[in-house]
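J.: Please work out how this folds:
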Amino acid sequence: MQYDAQIQHGASHASTVSLTMNNPAIPQDEVRVSVVIPTYRGADTLPQLVEELSPFCTSGTTPGGLAYRISEIILVHDCGPDRSDLCLEQLAAKYSVVRPLWLSRNFGQHAATLAGMASAAGDWIVTLDEDGQQDPRDIARMLDMAINKSLQLVYAQPTNPPPHGFWRNTASRLVKTISVNVLGLESLGRFNSFRMVDGEVGRALAAYCGHGVYLDVGLSWVASRVGHCPVQVREELGRPSGYSLVKLIAHFWGLVLTTGTRPLRMITITGLLSILMAFGVAAWVLISKLYGDIPVQGWASLVIVVSFFSGAILMSLGVIAEYLAVTMGIAMGRPLYVISSKPSRRGPPA
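T.: Sure thing, here's the model as predicted:
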């Protein structure tokens, strides 16, 4: 889906900066970080969150000695039920780094995040939730990890359970396990809405990504070097989660539908297994018939025909599904390639 947000073009930004002066291969400039916060119901939480971000909007250093600052805070208004619009206007008037971005209607968290990424101009883009669970102080450590290990994408990895309750936390862990072990998102691992992505990668994804694409699936298309930074999550800032059970199920289903061909190939594999089972059933039925263990006439041939053609139909559906997968990849806007202004290098050995 294309958004009516301005995509800022200009000279390419170098997004790697040396932590020490001893590495001439990495530029020594101050790193600019863009923070993108999709806003749905943040009237009560955004003022405190922006206030926590504001000290990092002046030049500072990470724990590893890297010079950086938050150059802009993009608040994407996703047309929620409260008066977040007034809050965004007030914050923009108070803080020069705050940039409101107005969507025409409610598009959802992932779409709003992509719209913000498309408008970001920083060397790195950080995405934060509006509820205040994620600590802005962790941005510096995530940046250190990204630079030190030459990563394109860094996810926050909570070391304590999120404050959502037992069942939701269990369901969240299950979904992420399925995404890695079943849907084939091994490169992402346990993804999180608190993420830091190379600015060029984020803007390229936002330019190509189509309607209905799960953001982290899209990131797996364009980022191959992914890391996870341990963080502590906090309590929400006085507001309940905006995700109901129905929304969470729809969220998971969107993840399944946009992961690519692996779920579709399960149909082909099931059909192949059915055909193999048909041969096994045929052998058993023929042997049973020779020894007179089948009293009903025609039962043997019926079982063989049903087993074989059921498998053949499933295999045929699998082939059709593969063609649909190609069409789906085109419709979702999966890029054929992404050009970077800097070489893609492996990080130093651990």
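J.: any idea how far residue 221 is from residue 62?
T.: Remark: distance between residue 62 and residue 221 (Cβ to Cβ, to the nearest Å) = 29 Å. All C-beta spots, glycine's among them, are computed from the backbone N, C-alpha and C.
J.: Please report the distance of the residue lying closest to residue 146 once chain neighbours are set aside from residue 32.
T.: Distance criterion Cβ to Cβ, 6 or more residues apart in numbering; nearest residue to residue 146, sequence neighbours excluded, is residue 154 at 4.9 Å. Per Cβ to Cβ, residue 154 is found 16 Å from residue 32.
J.: what's the burial count for residue 52?
T.: By other Cβ atoms under 10 Å, 13 other residues sit near residue 52.
J.: Oh, that last question was meant for residue 280, not what I typed.
T.: Using other Cβ under 10 Å, residue 280 is surrounded by 11 other residues.
J.: tell me the contacts of it?
T.: Applying Cβ atoms under 8 Å, 6 or more residues apart in numbering to residue 280 gives no contacts.
J.: mind redoing it with 10 Å?
T.: By Cβ atoms under 10 Å, 6 or more residues apart in numbering, the residues touching residue 280 are residue 307.
J.: Run through the helices of the stretch 151-300 of the chain in chain order.
T.: Assigned by DSSP state H, counting those that start in this stretch, the helices in the stretch 151-300 of the chain fall at 166-181, 199-208, 215-222, 245-257, 262-290, 299-332.
J.: again with the stretch 1-150 of the chain
T.: 46-53, 84-94, 109-119, 138-148.
J.: got the domain boundaries for the chain?
T.: 31-259, 262-331 (automatic domain parsing).
J.: wouldn't the residue nearest to residue 146 be in contact with residue 141 here?
T.: Yes - with contact defined as Cβ atoms under 10 Å, residue 154 reaches residue 141; the gap is 9.3 Å.
J.: Name the residue in the two with the higher neighbour count.
T.: The neighbour comparison of residue 154 against residue 141 (other Cβ under 10 Å) goes to residue 154, with 29 against 19.
J.: Would you mind naming the residues that bridge with that one?
T.: For residue 154, the beta-bridge partners under DSSP bridges are residue 196, residue 227.
J.: Can I get the longest strand seen in the chain in CSV, CA atoms only?
T.: Criterion DSSP state E: the longest strand present in the chain is strand 67-77. Extracted in CSV, the C-alpha atoms of strand 67-77 (Å, rounded to 0.1, in the frame of the first residue of the first chain):
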residue,chain,number,x,y,z
ALA,A,67,29.0,9.8,18.8
TYR,A,68,25.3,9.9,18.0
ARG,A,69,22.1,11.9,18.5
ILE,A,70,18.4,11.5,17.8
SER,A,71,17.8,13.8,14.8
GLU,A,72,14.1,13.4,14.5
ILE,A,73,11.1,11.9,16.3
ILE,A,74,8.4,10.9,13.8
LEU,A,75,5.0,10.5,15.3
VAL,A,76,2.7,8.8,12.8
HIS,A,77,-1.0,9.5,13.6
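J.: Name the residues of that strand that are buried.
T.: 68-77 (16 or more other Cβ atoms under 10 Å).
J.: which of those residues lies closest to residue 117?
T.: Residue 117 has its nearest neighbour among those in residue 74, at 8.6 Å by Cβ to Cβ.
J.: wait, isn't that closest one in contact with residue 101?
T.: Yes - using Cβ under 10 Å, residue 74 is in contact with residue 101, at 5.7 Å.
J.: Next, show the common contact partners of the two.
T.: Common contacts of residue 74 and residue 101 (Cβ under 10 Å, 6+ apart): 5, 36-39, 115-116, 118-120.
J.: Could you check how far residue 278 is from residue 313?
T.: 12 Å.
J.: Those two: who's more crowded?
T.: Counting neighbours by other Cβ under 10 Å for residue 278 and for residue 313 shows that residue 278 has the greater number, 20 against 12.
J.: which non-adjacent residue is nearest the more buried one?
T.: residue 307 (3.4 Å).
J.: where does this protein have low pLDDT?
T.: For the chain, applying pLDDT under 70 flags the ranges 1-28, 162-176, 178-189, 212, 237-265, 292-297, 299-300, 322-323, 325-326, 328-350.
J.: If we use 90, what do you get?
T.: Low-confidence regions of the chain, defined by pLDDT under 90, span residues 1-29, 41, 79-83, 104-111, 131-133, 158-193, 204-224, 233-350.
J.: For burial, what's the neighbour tally of the closest residue to residue 310 other than its chain neighbours?
T.: Among residues not flanking residue 310 along the chain, residue 274 sits closest, at 5.5 Å (Cβ to Cβ, 6+ apart). Residues lying near residue 274 (other Cβ under 10 Å) number 19.
J.: separation between residue 274 and residue 315?
T.: 8 Å.
J.: out of the shared contacts of residue 74 and residue 101, which are buried?
T.: 5, 36-39, 115-116, 118-120.
J.: Need the max-distance pair from the residues you listed.
T.: The farthest-apart pair in those, when distances are taken by Cβ to Cβ, is 39 and 118, at 16.0 Å.
J.: Looks like residue 32 contacts residue 71 (just checking).
T.: Yes - under the criterion of Cβ under 10 Å, residue 32 makes contact with residue 71 at 4.0 Å.
J.: what do the two both touch?
T.: 120-124.
J.: quick one on the thing from earlier: what's the closest of the shared contacts of residue 74 and residue 101 to residue 209?
T.: For those, the minimum distance to residue 209 (Cβ to Cβ) is 9.1 Å, reached by residue 118.
J.: ok, for the closest one, nearest residue in space, not its chain neighbours?
T.: The shortest distance from residue 118 to any non-neighbouring residue, by Cβ to Cβ, 6+ apart, is to residue 206 (3.6 Å).
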